[in-house]
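Asker: give me a model of this one.
(one chain, ligands or ions: 3)
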Amino acid sequence: MRRFDFSSPDFARAFKAFLDERRGSPADVDAAARDVLEAVKHGGLDAVLDYTRRFDKVDLTQETVRVTADEIEAGAAECSAEVREAIAFAAERIRVYHARQRPADQAWTDEAGVELGWRWTPLEAVGVYVPGGRAAYPSTVLMNAVPAQVAGVDRIAMVTPPGKLQPAVLAAAKEAGVTEIWRIGGAQAVAALAYGAGPIQPVDKIVGPGNAYVTAAKRRLYGVVGIDALAGPSEIVVVADKDNNPDWIAADLLSQAEHDPAAQSILITDDEAFAAAVEAAVAARLKTLSTGEDAAASWRDHGAVIIAPLDESPALVDAIAPEHVEFATENPETLSDRVRHAGAIFLGRLTPEAIGDYVAGSNHVLPTSRAARFQSGLSIYDFIKRTSIVKCDAASFGILGPHTAALAQAEGLPAHALSASIRLPSKG
Ligand SMILES: NC(=O)c1ccc[n+]([C@@H]2O[C@H](COP(=O)([O-])OP(=O)(O)OC[C@H]3O[C@@H](n4cnc5c(N)ncnc54)[C@H](O)[C@@H]3O)[C@@H](O)[C@H]2O)c1
Ligand SMILES: N[C@H](CO)Cc1c[nH]c[nH+]1
Ligand SMILES: [Zn+2]
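Answerer: Ligands and ions are numbered 1, 2, ... in the order given. Got it, this is the predicted structure:
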């Protein structure tokens, strides 16, 4: 864990160096993802199954790689009633939240008499990545698949590593109406969705979070398929004053650290004694968590405590551009309203980020590695696209045609110019 003191003369340089560590994929991870993509592109399902044997230690065949309808039913039935109820509760809140995002088609006639507008249509085939290396993620099934269903996507193909295919994951898939599930993960699963592999038909877009290998593969495949955002190892910034319970804040920091040794948790506070209390609480909790080993590695290698006036926190948060930021302060909006770059903002002492991970209704698939500077979290917009519509009649063509021909001539594109001028009444 690194400590930074805003008042130190070296702060700006040291903080920038710290931030630069988290831009893009590490070179070794990117190289590994590149090799996997090439192998699957040329080797198809055999290559996918080879990597599954190597990385996931599971031996699958063309016959067993797909989760059958019976397996989905049986797995979902094994899930406890309490968890099934929570899945249904979360799914409904996610459904309602994302339905509100649905934009309207538009159509109007402008002053030149041109009929203009646009129409939104759903994507046909989407691949959803549900992580499953270290933990099982039923919540991520919902965060990916429910918005896709709300948007009206025809085919949802889910991939998830074979090891942790737990009842709750299958119950969530059932709740979200997902019927196509492949037990593959990592860069090889992303490649299979993009290129197709044996029985796995290629998709038009791949969404969903994953570890650094999954994220590097998605980054490389952009263009072959659409991708949503670079949603890699989890991140949290907690802005907290000294009036918080240090145990609560420690839990919030650890809630993201436990996802992955590559996750990142950062505390910003103006009080040194409070920072020390949180650090002590983190150390104590690490000993009791079943995920303590990963969380300890994350806190040790990527964690940070920044001592700074709270008034500086919005600018610091913008520089970090984190996946999540919590403002555990008395009037959180006075600070949070000044933040521009964050995947999601959680306000007040009673809104821990974990609420957003599961049941708030907002999406938990969010940009990491500072991608919040230019990307949003997963939404209905990832599953629809806009087609523009234009219609001229004789009168409006008479206005637009000559300008079209003039611009085409200026670009040295005579066929374009002709396509307009040929339709204009001849001048003489
Ligand atoms: N940003 C978000 O919105 C968000 C949401 C949920 C989870 N997450 C993140 O998702 C990630 C889940 O990670 P995970 O590892 O548990 O599951 P994962 O499914 O992302 O990755 C597991 C796969 O990684 C591959 N792999 C493992 N080691 C490899 C290696 N050395 N070389 C190549 N491939 C390898 C394996 O094939 C395995 O199936 C965490 O980083 C978590 O923070 C992010
Ligand atoms: N915090 C993760 C996004 O970074 C999402 C998640 C799923 N389950 C628990 N948490
Ligand atoms: Zn989480």
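
Asker: residue boundaries of the helices in the stretch 151-300 of the chain?
Answerer: 167-176, 186-195, 212-221, 246-257, 272-286, 292-302 (DSSP state H, counting those that start in this stretch).

Asker: which of these sits closest to Arg66?
Answerer: Closest to Arg66 of the helices of the stretch 151-300 of the chain, according to CB to CB: helix 186-195, at 11.6 Å. For glycine as for every other residue, the C-beta is placed from the backbone atoms N, C-alpha and C.

Asker: what is the closest one packed up against?
Answerer: In terms of contacts (3 or more CB pairs under 8 Å, 6 or more residues apart in numbering; DSSP states H and E), helix 186-195 is packed against helix 27-56, strand 125-129, strand 155-159, strand 205-207, helix 212-221.

Asker: average pLDDT for it, rounded please.
Answerer: Mean pLDDT, helix 186-195: 98.

Asker: could you shift the numbering so residue one becomes 246, and keep it that way?
Answerer: I'll keep to 246 as the first residue from here, and by that count the last item is helix 431-440.

Asker: what lies in contact with it?
Answerer: Contacts of helix 431-440 with the rest of the structure, by CB atoms under 8 Å, 6 or more residues apart in numbering, involve 277-278, 281-282, 284-286, 289-290, 292-293, 296-297, 300-301, 372, 374, 378, 402, 404-406, 427, 429, 442, 445, 447-448, 451, 455-456, 458-459, 461-463, 466, 469-470.

Asker: quick one: what helix or strand has the closest residue to ligand 2 within the stretch 246-395 of the chain in it?
Answerer: Ligand 2 sits closest to Ser384 of the stretch 246-395 of the chain, with a gap of 4.5 Å, by CB to the nearest ligand atom. Ser384 is located in helix 383-396, with elements delineated by DSSP states H and E.

Asker: just the CA atoms of that helix, as PDB, please.
Answerer: Output of helix 383-396 as PDB, limited to C-alpha atoms (Å, rounded to 0.1, in the frame of the first residue of the first chain):
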ATOM      1  CA  PRO A 383     -24.500 -14.600 -10.600                       C
ATOM      2  CA  SER A 384     -24.900 -10.900 -10.200                       C
ATOM      3  CA  THR A 385     -22.900 -10.400 -13.300                       C
ATOM      4  CA  VAL A 386     -25.200 -12.700 -15.200                       C
ATOM      5  CA  LEU A 387     -28.000 -10.300 -14.400                       C
ATOM      6  CA  MET A 388     -26.000  -7.100 -15.100                       C
ATOM      7  CA  ASN A 389     -25.200  -8.400 -18.600                       C
ATOM      8  CA  ALA A 390     -28.200 -10.300 -19.600                       C
ATOM      9  CA  VAL A 391     -31.100  -8.300 -18.200                       C
ATOM     10  CA  PRO A 392     -30.300  -5.100 -20.100                       C
ATOM     11  CA  ALA A 393     -29.700  -7.200 -23.200                       C
ATOM     12  CA  GLN A 394     -33.200  -8.700 -22.800                       C
ATOM     13  CA  VAL A 395     -34.700  -5.300 -22.100                       C
ATOM     14  CA  ALA A 396     -33.100  -4.000 -25.300                       C
END
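
Asker: hmm, that helix in reach of ligand 1?
Answerer: Yes - Helix 383-396 is in contact with ligand 1 by CB under 6 Å from any ligand atom, via Thr385.

Asker: check which helices and strands that helix is in contact with.
Answerer: helix 326-344, strand 370-374, strand 400-404, helix 412-421.

Asker: how about the longest one: buried residues?
Answerer: Within helix 326-344, the residues scored as buried using 16 or more other CB atoms under 10 Å are 329, 331-332, 335-336, 338-340, 342-343.

Asker: the very next helix or strand once past that helix pairs with which strands, and in what direction?
Answerer: As assigned by DSSP H and E, the chain's next helix or strand after helix 326-344 is strand 351-354. With DSSP bridges as the test, strand 351-354 is paired with strand 360-367 (antiparallel).

Asker: how far off helix 383-396 does the strand it pairs with point, in degrees?
Answerer: Strand 360-367 runs at 140 degrees relative to helix 383-396, counting by axes from the mean of the first three to the mean of the last three CA atoms, to 10 degrees.

Asker: what does the chain put close to ligand 2?
Answerer: Counting by CB under 6 Å from any ligand atom, the chain sits next to ligand 2 at 382, 384-385, 479, 501, 568, 602, 609.

Asker: of the residues you listed, just the buried ones, ChimeraX syntax please.
Answerer: The buried residues among these can be selected in ChimeraX (16+ other CB under 10 Å) with this line:
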select :382,384,385,479,501,568,602,609
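
Asker: would you turn the residues of the chain next to ligand 2 into CSV with pLDDT and distance to Arg364?
Answerer: Shown next, in CSV, are the residues of the chain next to ligand 2 (pLDDT from 0 to 100; distance: CB to CB, whole Å):
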residue, pLDDT, distance to Arg364
Tyr382, 93, 34
Ser384, 97, 33
Thr385, 97, 31
Ser479, 96, 36
Gln501, 97, 39
Glu568, 97, 33
Asp602, 98, 34
His609, 98, 30
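
Asker: all set now, cheers.
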